[in-house]
Every structure is written in C-alpha cells, then in structure tokens.
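Asks: Build me a model:
(2 chains)
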Protein chains: 2
Amino acid sequence: MNDLTQTPEMLIANLGARARKASALLAQVSDAQKAQALTLAAQALRDAAPAIAAANARDMENAAANGLSPAMLDRLRLDAGRIAATADGVDQVASLPNPLGSIIDRSERPNGLVLERVRVPLGVIGIIYESRPNVTADAAALCLRAGNAVILRGGSEAVESNRAIHAAMLSGIVAAGLPADAVQIVPTTDRAAVGALLKAAQFVDLIIPRGGKSLVARVQEEARVPVLAHLDGINHSYVDAAADADMACALVVNAKMRRTGICGATETVLIDRAFPAAARVVAALLDAGCAVRGDADVQALDNRVTAAREEDWDTEYLDAIVSVRMVDGLDDALDHIAAHGSHHTDAIITQDGERAERFLNAVDSAIVMWNASTQFADGGEFGLGAEIGISTGRLHARGPVALEGLTTYKWLVRGMGQARP
Amino acid sequence: MNDLTQTPEMLIANLGARARKASALLAQVSDAQKAQALTLAAQALRDAAPAIAAANARDMENAAANGLSPAMLDRLRLDAGRIAATADGVDQVASLPNPLGSIIDRSERPNGLVLERVRVPLGVIGIIYESRPNVTADAAALCLRAGNAVILRGGSEAVESNRAIHAAMLSGIVAAGLPADAVQIVPTTDRAAVGALLKAAQFVDLIIPRGGKSLVARVQEEARVPVLAHLDGINHSYVDAAADADMACALVVNAKMRRTGICGATETVLIDRAFPAAARVVAALLDAGCAVRGDADVQALDNRVTAAREEDWDTEYLDAIVSVRMVDGLDDALDHIAAHGSHHTDAIITQDGERAERFLNAVDSAIVMWNASTQFADGGEFGLGAEIGISTGRLHARGPVALEGLTTYKWLVRGMGQARP
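Replies: Below is the predicted model:
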C-alpha cells in the first residue's frame, strides 16, 4: 500500500488491527514481565534524554515560529528535570500493585457451579492529547501496566518530542519481550486521523482525551468509541450555617486559590444566609488575590466584590476568579448545584453531621466532600497511584480513573459436567 | 406546543427532561419505598389483567391483519398465565437485595481523609425492545429498583398491550409516592422517535436494546448514548483430548439443543483430533435431531454430516444446526475462537485442569466455562436475580447484567478541615 493513497481510515484500521493482536498477546504476559518492561522503558527514557531534549528543541523552535502562546510553549517544553520526572513516573507505575487477576467476587451455585469475576485488561485504548509530551510516557505506562494496547495521538506541535519518547519507551518494552505494537503512535499529524480513531469502534475499546475543554468537546461530539473524560469542573464549596468560620475561610481559599488551573478547583462558593461569618469568607478570598463576583447580598458584604452575571454560575474560570452566592440553607444550595454543577466535585463545610450526610447523599457528582478542599480531587491524593484522568460520566469508572478503570472483568464458571435442566 | 408540530427530538427532550427530574427524586427515595412501589405495581398488573388481555387482543388482531409471522404472534400474545407470570416477575424484583448504598471500598489517607465508593443509581435508562410486551414490566421493575428513571420504547405491534401494562404499573408506582415520570413510555410509534432517543445523550445515560440482531445492530449503529448489549452469541464448546467422553456428549448436546433460540446456545463445536470419541459426540448431536455441518474430517466420522462452508464458522444459527470442526489441540481451538467468536460464552470440556485454566485465562469472552453447558449463560442461573440482558461490551458491565449493572458509584470524602498542601 502506497502511503500517498492511504486514507486516514485505512491508517487507523492498520494500527487498530495491530493493537488488537498486541492486546491478545499482552493478556498472556505475566505482571512481572509488564512491570519489567516499564522499568526498562524508564531507563531507556533516561538514556535517551539528550535525544529527547534535541527533538523537543526542534518542536519548540517550530512552535515559537508558529506563534504559540507562552503558556502552550511552557507545556511543550522538556528540560532535563522534566524528562527525569517523566522517567520516574514510569517507574512509579511499575511499582503499583498488579491491577489484573484479582477476584472481584465468587459464588457457588446450588448445582455446584463455581462462579468468579476476575479482572482482565480492557483491550485497546486510544489517548488523544495536546501539547504536553510527558503524556506519551504517562499514558503508555498506565495502559500497558493494565495489560492494554494503546494508540497515542498527541498534539502536532509536539510530534518530534513524542516520537523520541515513544522510540525510547519502545526499546524498553521490546527488550522485555512485549510486542512492539503494544504502544503505537499515530504516524501522521493529519487531523483526519483523529476523526478516524474516534470512530474506530471495531479496534478501540475506549478513548481518553487529555487536554483542554475544546479537545474534550470535540472528542465527545465526534466519538463513536466510548469516551472517559470530564468536560468541566464547575465545582462548588457550600458554607453551611453550622460551618466553623476559621475552617470555612481556610478551605474556601485553598479550594479556589491553591492552584486555579486544575479541574478540582472550586469555581462557585455558596454561603448560607444563616452563616454568621460570610463577610470573613469573602474577605479571605479577596485578600488572597481572588476576584469575587457576587450576587447583590455578597456585594453588600465587601465593596471589592463585583456583580456576578447569570453566566458566572455556569463558568469554569480556571483562574483567580470566583462566583459567590448567598443561599437559603441546604436545599437551596442543592438546587443551585443541581442546576449549575458539572457533576465533578462538590463540598460542604459544616459542623452539622446530619446536614453533611444529606449533602453527601443528595449531590449527584463523581466526588462529594465534607470539610475538605475540592482540590483533593485527584487520583494520587485518593491513593490510586497515577491517574489517567477524571471522569464525570456515569458508566464504567467515575471520578479519578487509575489502573482499575483501565480494566474490565470476565466471568469464569467451573463445573463438573453440569448440563442446564 | 401543538403535537402536530412537535418533532421527535422535541418529544424525546420533553420525556428526557422529565426523566432527569424523576431520577433526582428517585435517588432520595428509600429502598423500602421502591420495593413497595413494585409490590403495588405487581398487584395492579393482576387487577388490570382483563384490561391488559383486551388491549393485547386488539394488538393481536392488528398484527394478524398485518401478516406477522406465527413466531412473532406468539411473542406478542399475552394470556392470563403470561400476565400472572409478568406480575410475579415484578414481585421477584421487589424481593431482591437492595443494590444501592453499599460501600464498594473504603480507605483512610495519611492526612486523615476517609474515602468511600458507594453504589448509586445510574440515572436515566432507555429500553428499546420488540414485540414482547412483558419487557415493559420486567425492564421497568429492574430500572426502578436500582433507582433509575426509565424511558420505554416497545415495538409498534405491541403498542396497546404496552400502554395497558404501563398504566397498571404506574398506578402502583404513584400509590407508593414515587414520581410518575420514573417510568415513561414513548407515546408514539413513529420510528424517528427511536432515532431521537438513541441520540439523547443529554437526557439518557444508557440504552439497552432487547430483541433480535437487526434491532441491536441498528441501536449500536445509530446510538450516541452508551449501549449495553450483545449482537451475537457465536459460542463454542471445545472438546479437549482429555475430555470424558460421556460428559462431552451430554454437555455438547445440552449446550446446543436444550433451547436452540437463546443467546447462550453453542453454535460451533471444536474437537481435538486427539480426542478418541469424536464420532460419538457427532452422533449424539445428530441423534438429538441436530443438523451437523462439518469440515472434511468431521464428515468422515458420520455420513449424516454435511459440508460446512466458511461462513458457517461465523453464523449464529439459533436453530437445530451446529458447525463442527476438528482442531489440533488447545492452541488451534483458541485461534479459532479468537477469529470467529463473538466474545459471549465459550466452554472447554476436559479432565485436564492445567489446560482448562489456560483456556479460562486465554479466551477473551464475557463468560468462559469449564465442564459446563454454555446454556448456563444467564443472570438467573448466575444467581443475580432477573437480568436485563447480556453484554459483550467491555465497559461498565460484562456478561449477564442485573441490578448491579444498572448502578454506578460516587466517591464520598469525609474530612476535618483538610486543605491540600
């Protein structure tokens, strides 16, 4: 087949068929061998650091010439420290407990059949990401450790960096005796290949987008393959009437301001009118350098507050801006979250255990917290090891997705000749 | 809004928005109340039996006038016995253990945060089914017990029966204090409404098709909402060299012939050349009234065997027909299953435990069996209570799907004021 006549669909079908074969082989590889492959891949990344840095320098030069923003250039940049951290991340995935083979449940039927559900790999996973080249290594390591073949498609501005990282990892993977097609990168920057990958349900079991809202929106819109993702993190911290004032100030400031650009950051603070220290909470946010957009009651608390518009309640700022609204108790807060939330992470701050449990039960989000900062919404903070992403979908895996979310199960039935009556 | 100007998309958006609201209310309803709603619905079905039978008689009359096949007429028919069995089925779902609220796992982090994953309802489920009106009650009961709102779309030939069943169940559901929109039926037989339902990802979390291959294929092709289903059950029984000959004959005949029309029926028998009683197995199938299509070696065993064509290895007969192939041991059998199976249910018959475990590990199907009939592939036989279907997909739920498959989880995080460092 001449490359010039190969359509994106043919290209993806070829990658997909090879991934399927690799996936079948991987399912038979021992966990020790997979862990060793990652250890070798991490070492190969360290050995290839000069080549990776050189490839990244070429990407950076092109990106600068193409006028990429300073923020995007920073994401694209790999220095010795970032390459070392990437290799360390691969080693860390190698050290996680084996996610496969465990028995989820077991039962013996009256007829003597013994049933078990055991964890097995998901199959073939497609990762679509933007300019951060470290995702090439992180995502490949997680998918592989869970026994999956992976097809990677990074941003075109990182193409040289991604190829260099992929080549290094592959040398380690192959040295450990794993199939080379276990980790493939889409060998073209043609955007049509992304469309073809998103529709390749025959070859790909799950697509995980890693990047900004426009990437996730496109993937969710176009994909025929199931997608694990979150579009928004419009997260709420609700300060209940019975909140401890010091705790409320500390948690709200942390939830909003610790890092404003992560999906677990609080975007809206709801304060019960009956909470006596609302002005202190608002002042704490302002004093921390946060712009506060409030309803009329919040504006009355502090003259630094500007007026919130209706769209503020549906905005993920990812910046040092917060919307604040006074509510009439827990039910009003729940209504606001149901109307404006994105089912990611929401928290209540209160000393009243009964209201806290009502909040935990009633809020329909992947993560619901009591007296904790929404910034804890993270697989590492949850003790899951490295995460591949956070899902606000309701199927398969919800919240932080780590190794377990990259597995499925099958039923094993052991009999002694039972026929069905 | 005038009905005449309402598009299918508007109709589904209206049903969907109401289902979403009902779903939020249902999430706060106690399990006892949901179980009581089903008990009352079952009683209402019994009370309404004459009205349901009359509605069904109208459907049967129209269907006969439209020339429906005898098989389809039989599926459509409701008599007193079938209505009673349907009501009993609803009672049975009421008696199953509560699928919600259980803690999947729990951990305490070094910083003192306590994490739990708890089972919660999935949300809104769409059921698309053909002419069997009992699905209206079965599916509604399962969805409701798991705390979900459901939108039902049955075959147009069963429209009167479905409306009568729905009206009866609704009276019980409302009497128990549950929202009427918890169980809705699409109030039109316009096929375009199905298309709109399949694309209503904003309102529907999961679509489950119940019916034949053409329905499932259409749903999988058109849906933008995730689908739980199986297209085919091309199941294999592999008779290993070390199989017990009597057991092999009994299991193969049961797996194929007990009921030929169910998705767990064996469609292809693979026999190791080294198994000494191959002719007995083939004869047992023929003597049981099964047509055998075999490769040249199988034809040589019995002159009643006809020649299998290549497409026979990829055919789900759902009839008293089986394809039989001789293979060169376990690896050859695994290759055949990987190439031709549909990832539903496959079995090995052997006295060799090591080879059995290799088969259980290597076959990539939802259900893999050792010395048991593939006809056991059924949620009831697995002890799950009533099943909503069997999934060959790899995400969320695999194999028989019962109440647990109609739930998801959320993360609860309880702290004492922890901010993230």
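Asks: Going by C-alpha atoms from here, please, whenever you check contacts or count neighbours.
Replies: Fine.
Asks: Could you pick out the residues of the stretch 301-421 of chain A near chain B for me?
Replies: A:360-362, A:365-373, A:375-376, A:382-383, A:394-399, A:408-421 (C-alpha under 8 Å from any C-alpha of the partner chain).
Asks: Point out the ones among these that are inside strands.
Replies: Within these, residues falling in strands by DSSP state E are A:367-372, A:399, A:408-418.
Asks: quick revisit: just the buried members of the residues of the stretch 301-421 of chain A next to chain B?
Replies: Using 16 or more other C-alpha atoms under 10 Å in any protein chain shown as the burial test, those include A:360-362, A:365-373, A:375-376, A:382, A:394-399, A:408-420 as buried.
Asks: check contacts around the residue of the stretch 101-250 of chain A found nearest chain B.
Replies: Across the stretch 101-250 of chain A, the shortest distance to chain B (C-alpha to the nearest C-alpha) belongs to A:Met247, at 5.9 Å. For A:Met247, the contacting residues are A:Ile349, A:Asn371, B:Gly417, by C-alpha atoms under 8 Å, 6 or more residues apart in numbering or on different chains.
Asks: What's the local residue count around the first one?
Replies: Neighbourhood size, A:Ile349 [other C-alpha atoms under 10 Å in any protein chain shown]: 30.
Asks: For it, list the residues it contacts.
Replies: Here A:Ile349 is in contact with A:Ser237, A:Tyr238, A:Val239, A:Asp240, A:Ala243, A:Asp244, A:Met247, A:Ala248, A:Ala356, A:Trp370, A:Asn371, A:Ala372 (criterion: C-alpha under 8 Å, 6+ apart).
Asks: Please repeat the previous calculation with a cut-off of 7 Å.
Replies: The neighbours of A:Ile349, taking C-alpha atoms under 7 Å, 6 or more residues apart in numbering or on different chains as the test, are A:Tyr238, A:Val239, A:Asp240, A:Ala243, A:Ala248, A:Trp370, A:Asn371.
Asks: Surely the first one is within a strand?
Replies: Think A:Tyr238. Yes - with DSSP: H, G, I helix; E, B strand; the rest coil as the criterion, A:Tyr238 is assigned to a strand.
Asks: so how far is A:Arg75 from whichever residue of the stretch 251-400 of chain A sits closest to chain B?
Replies: Nearest to chain B, among the residues of the stretch 251-400 of chain A, is A:His396, at 3.7 Å (C-alpha to the nearest C-alpha). As judged by C-alpha to C-alpha, to the nearest Å, A:His396 and A:Arg75 stand 30 Å apart.
Asks: Same question for A:Leu96.
Replies: 27 Å.
Asks: cool, and A:Arg153?
Replies: 16 Å.
Asks: More neighbours: those two, which one.
Replies: A:Arg153 (25 against 15).
Asks: wait, doesn't the more buried one sit right on A:Pro187?
Replies: No - the criterion here is C-alpha atoms under 7 Å, and A:Arg153 misses it with A:Pro187 at 8.5 Å.
Asks: and chain A, which residues reach chain B?
Replies: A:28, A:122, A:224, A:247, A:251, A:254, A:360, A:362, A:365-373, A:375-376, A:394-396, A:398, A:408-420 (C-alpha under 7 Å from any C-alpha of the partner chain).
Asks: ok, the residue of the stretch 251-400 of chain A closest to chain B - contacts?
Replies: Here A:His396 is in contact with B:Leu395, B:His396 (C-alpha under 7 Å, 6+ apart).
Asks: Could you report the distance from it to B:Arg210?
Replies: Distance from A:His396 to B:Arg210, by C-alpha to C-alpha: 21 Å.
Asks: Same question for A:Asp74.
Replies: Distance from A:Asp74 to B:Arg210, by C-alpha to C-alpha: 51 Å.
Asks: cool, and A:Ala296?
Replies: A:Ala296 is 53 Å from B:Arg210, by C-alpha to C-alpha.
Asks: and if you look at A:Asp59?
Replies: Counting by C-alpha to C-alpha, the gap from A:Asp59 to B:Arg210 is 52 Å.
Asks: Ok, A:Thr188 next?
Replies: 41 Å.
Asks: Could you check which of those two has the larger neighbour count?
Replies: B:Arg210 (23 against 14).
Asks: So, low pLDDT: which residues of the stretch 1-150 of chain A?
Replies: Along the stretch 1-150 of chain A, segments meeting pLDDT under 70 span A:1-4.
Asks: what are the ranges of the helices in it?
Replies: A:8-26, A:31-47, A:49-65, A:70-76, A:80-95, A:134-145 (DSSP state H, counting those that start in this stretch).
Asks: Could you look over these and pick the most buried one?
Replies: Of all the helices of the stretch 1-150 of chain A, helix A:134-145 carries the top mean neighbour count, a mean of 26, counting by mean count of other C-alpha atoms under 10 Å in any protein chain shown.
Asks: If you compare the directions of it and helix A:80-95, what angle comes out?
Replies: Orientation check (axes from the mean of the first three to the mean of the last three C-alpha atoms, to 10 degrees): helix A:134-145 against helix A:80-95 gives 10 degrees.
Asks: which residues are contacting helix A:134-145?
Replies: Counting by C-alpha under 7 Å, 6+ apart, residues outside helix A:134-145 touching it are A:34-35, A:38, A:86, A:89-90, A:93, A:149-150, A:152, A:162, A:165-166, A:183, A:388, A:403, A:406.
Asks: Kindly format the C-alpha coordinates of that helix as PDB.
Replies: Output of helix A:134-145 as PDB, limited to C-alpha atoms (Å, rounded to 0.1, in the frame of the first residue of the first chain):
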ATOM      1  CA  ASN A 134       5.000  13.700  29.000                       C
ATOM      2  CA  VAL A 135       1.500  12.300  28.400                       C
ATOM      3  CA  THR A 136       3.100  10.000  25.800                       C
ATOM      4  CA  ALA A 137       5.000   8.200  28.600                       C
ATOM      5  CA  ASP A 138       2.500   8.500  31.400                       C
ATOM      6  CA  ALA A 139      -0.500   7.200  29.400                       C
ATOM      7  CA  ALA A 140       1.500   4.400  27.800                       C
ATOM      8  CA  ALA A 141       2.800   3.200  31.100                       C
ATOM      9  CA  LEU A 142      -0.700   3.100  32.700                       C
ATOM     10  CA  CYS A 143      -2.300   1.400  29.800                       C
ATOM     11  CA  LEU A 144       0.400  -1.200  29.500                       C
ATOM     12  CA  ARG A 145       0.500  -2.000  33.200                       C
END
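Asks: Alright, calling it a day.
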